[in-house]
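Colleague: how would this look folded up:
(2 chains)
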Amino acid sequence: MSLMNKLLATSALAVSLSFASLAAAQDYTPDPNAKPGGNIVITYKDDVATLDPAIGYDWQNWSMIKSIFDGLMDYVPGTTELRPGLAESYEISPDGKTYTFHLRKGVTFHNGREMTAEDVKYSLDRVTTPATQSPGAGFFGSIAGYDAMADGSATSLSGVTVLDPATVKIALSRPDATFLHVMALNFSSVVPKEEVEKWGADFGKHPVGTGAFKLSDWTIGQKLLLTKNADYWRAGLPYLDSVTFEVGQEPIVALLRLQKGEVDIPGDGIPPAKFTEVMNNPDEKKQVVVGGQLQTGYITLNVEMKPFDTVEVRRAINMAINKDRIVQMINGRATPATQPLPPSMPGYTKEYAGYAFDPAKAKAMLAEAGYPDGFQTQLYVMNTDPNPRIAQAIQQDLAAIGVKAEIKALAQANVIEAGGTPKTAPMIWSGGMAWIADFPDPSNFYGPILGCAGAVEGGWNWSWYCNKDLDAEAAKADSIVDPAKQDERLALWSDVYMKIMQDAPWVPVFNENRYTMKSARMGGSDDLYVDPVSIPVNYDYVYVTE
Amino acid sequence: MLAYVFRRLVQSALILLGVSFITFLLLYVLPADPVRQIAGRSATPETVENIRRQLGLDQPFVVQYGRYLAGLFHGDMGRSYLQKTEVAALIMARLPATLLLMLGAIVAELAIGLSLGVLAAVRRGGALDQSLMIASFVAVSAPQFVVGLLLLYVFAVKLGWFPIGGYGHASNLVLPAMTLGIMGSGWYSRMMRSSMIDVLRSDYIRTARAKGLGRARVLALHAMPNAILPIIAMIGIDIGIFMSGIVVVESVFGWPGIGQLAWQAIQRVDIPIIMGVTLVSACAIVLGNLLADLVTPFIDPRIKLR
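Modeller: Model (predicted):
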């Protein structure tokens, strides 16, 4: 069963018939070999910014927040399948605009108080209030009353109603097929009001949730200690007594320490310079888990700038790039891409082969489009390895069809700035800033990076491609909430991405694999170490064998 | 003397004000938008604008700088854009580590630099002197990133004498302090060498030798103290050099000081932290120089401060 079908089957099960559901069948089977106890050490180079679930949005804190907090929805560990979290079950109204969540009873926050429907409402109000400055506020746009929250004219979401202490009803202003995914985002985590008010802006340093771990110590700039929540509502979890995060550790230092047995998982992965060495060492290779990522690396072609306003030119560029060679350059840590969606994403079009690498045909197409001698352009790229090297490979490929691209290697923030400024960056290689999905749904790859909404000053649609028809088709797809029609929805999404490939505002280059290295004593299914949602690792389910 | 100190303090305050203005201006004109770093990729344009408004970043430069200065005068360095924590708290949490590292580096550079300098002076012109001076040249010019990784690889990974990075034990301090101090040791060995040569040529040394005192005794008790004094005053100036070094050294060794904080903040355009660390470093440099100037007359009574 493909991942896509699996997701369909389970969500169909979850919301069967008139969408009433109990949804427990697809849950995770506990590992019979798991042993409780022990501590593991995870390292990161950068500091952990904040553990406030309404604000935290980076590589380090995403999975930590997942282990400290819970939302109404959750994912089956190691998969992209939704499962109920703090909600025991839910119903969706036939028009797809009302969700009723029935909460688990007896779930307590780390401070001992029982979690209720009021907390759910408070948490959603908090994340959408402008003063919270949540980067994820926009995800809640489909909840009725969101606009009034965003412009400050309301202090509470009118669409969220507490029916009784264990039931909360959420009314949407439009049907939103991705809503259950939104309820599984960190931004939807349920937080206790009294703790948020007690700590104010410092709540992110003193997080209190309902999750499997609680924060017991945080030495700024050095380490954090998460310890087991003995009262966790998922019986028997977590296995580990504690998880120590040591920050400020260069990936290369982390690898050396792992080899000496001082570190269990280097959170930033295997440093590129050491990758071949590790993979050529049979003992070390055994410690590496390889998995997919909901990620695509691409080149944007600015359709508002000459000559990329001509579709033939964009198609020619698509045919000129030797993706296999680029993948080789990064030691095969990726798979060549054919389309914007990564292969493990529902809605991916398997039978589409993409533009074949054909420099001769590309050159001919350029000539037809009126550029027989090519043209001059600029390629923006982030200045950290391996991106400048990849840019050079792209430069050479382009030179072969007569296009002279000048490489502009800048710091990440400057590339982002150039991409979001009109008519500034003709081409950008997305490496180091490439899109990684927030949740496993095809819609997440469209709006901000390929839709009209993102083609604005300061947006992330760096090709400035805006196709109103596709926007309408995307909106239509996302209004299909009926689980029986999910095939239709995914077919629509597939069609959207195929039309995008016709217009070729991007050159999809590769989908990066994920390589998690772990110490020999770490146990648990490999899926947990390449969990598509809890990156790098799902701390709640892994264990140590000694 | 007091008038001098007062005048220097006023000057220092003006310098710091200038530093704050220039840094703030540079960060303002920088083609990188801090709000987009905070908001991330999925934020809608209205979310981005909301964050910009909440942080006051929609205001003109003068207003933003004015607000920052006003906060500063009330002892408020603001809150980090990304961490939301008070900048003062972040810096205070990390300052002890940086001070400890600098202290270690001063000890390392003096111990290495002075002893090698004396050795070279005593054997001046010889093969030892020449190789030491070449070594000092290498030490001064070697990039700290390379030196750090080299020391880490040889002494921590291969020989296992020291831990691989980290913080908390005395053994953690040795390698980063050496890395930071090795450049200074190059300077100090050269200065000590020439200072020693001057002193060894002076009359009182010849007298002491003529009195029949042993060579070692003359070196240790008569020559070295006089040769060291002018060099000690240089330590204040070192602080400025260290401040540029800690960013690299702290990152290589995972040393939880303000250099690491600055490096991370720069990458993510976290302006309040960049401003805070810059001002604290500037303070340290200004004070270090002031201290160096104030100490000099005590060491060399021929110098008068006015």
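Colleague: how deep is A:Y75 tucked in, by neighbour count?
Modeller: The number of residues packed near A:Y75 is 22, by other Cβ atoms under 10 Å in any protein chain shown. (Each C-beta comes from the backbone N, C-alpha and C, glycine too.)
Colleague: nope, B:G18 is what I was after
Modeller: Using other Cβ under 10 Å, B:G18 is surrounded by 11 other residues.
Colleague: element containing it, please.
Modeller: Here B:G18 sits within helix B:2-29, counting by DSSP states H and E.
Colleague: Could you do A:L215 as well?
Modeller: Here A:L215 is assigned to strand A:213-219, by DSSP H and E.
Colleague: Show me what counts as buried in that strand.
Modeller: Under the neighbour-count criterion of 16 or more other Cβ atoms under 10 Å in any protein chain shown, strand A:213-219 has A:213-215, A:218 buried.
Colleague: same for whatever helix or strand comes next after it, what does it pack against?
Modeller: Remark: after strand A:213-219, the chain's next helix or strand is strand A:223-228, criterion DSSP H and E. Identification of packing neighbours for strand A:223-228 by 3 or more Cβ pairs under 8 Å, 6 or more residues apart in numbering or on different chains; DSSP states H and E yields helix A:61-68, strand A:213-219, strand A:242-246.
Colleague: now the angle between helix A:61-68 and the second one, please.
Modeller: Going back to what we said before, that points to strand A:213-219. 130 degrees (axes from the mean of the first three to the mean of the last three Cα atoms, to 10 degrees).
Colleague: One more: the shortest one?
Modeller: Orientation note: strand A:242-246 sits at an angle of 160 degrees relative to helix A:61-68 (the same axes, to 10 degrees).
Colleague: quick one: low-confidence ranges for the chain?
Modeller: The chain I'm using is chain A. A:1-27, A:434 (pLDDT under 70).
Colleague: that's the other chain; I wanted chain B
Modeller: By pLDDT under 70, the low-scoring segments of chain B are B:300, B:302-303, B:305-306.
Colleague: got CSV for the buried residues of strand A:213-219, with distance to A:T79 too?
Modeller: Compiled in CSV, the buried residues of strand A:213-219 are given as follows (distance: Cβ to Cβ, whole Å):
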residue, distance to A:T79
A:F213, 21
A:K214, 26
A:L215, 27
A:W218, 31
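Colleague: Closest one of these to chain B?
Modeller: Distances from chain B to those, taken as Cβ to the nearest Cβ, are shortest for A:W218 (10.0 Å).
Colleague: hang on, the earlier thing: next, format the helices and strands packed on strand A:223-228 as JSON lines and append distance to B:Y68.
Modeller: Rendered in JSON lines, the data for these read as follows (distance: least, Cβ to Cβ, whole Å):
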{"stretch": "helix A:61-68", "distance to B:Y68": "27"}
{"stretch": "strand A:213-219", "distance to B:Y68": "27"}
{"stretch": "strand A:242-246", "distance to B:Y68": "32"}
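Colleague: Just put these in TSV and tack on distance to chain B.
Modeller: Below are the helices and strands packed on strand A:223-228 laid out as TSV (distance: least, Cβ to the nearest Cβ, whole Å):
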stretch	distance to chain B
helix A:61-68	10
strand A:213-219	8
strand A:242-246	8
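Colleague: how about whichever residue of the stretch 201-306 of chain B sits closest to chain A, what does it touch?
Modeller: Nearest residue of the stretch 201-306 of chain B to chain A (Cβ to the nearest Cβ) works out as B:P256 at 3.7 Å. Residues near B:P256 by Cβ atoms under 8 Å, 6 or more residues apart in numbering or on different chains: A:219-222, A:247-248, B:94, B:97, B:167, B:250.
Colleague: repeat for A:I265
Modeller: By Cβ under 8 Å, 6+ apart, the contact list for A:I265 reads A:40-43, A:258, A:516-519, A:522, A:529, A:536-537.
Colleague: roughly how far apart are it and A:K518?
Modeller: A:I265 is 5 Å from A:K518, where distance means Cβ to Cβ, to the nearest Å.
Colleague: Mutual contacts of those two, please.
Modeller: In terms of Cβ under 8 Å, 6+ apart, A:I265 and A:K518 are both contacted by the residues A:529, A:537.
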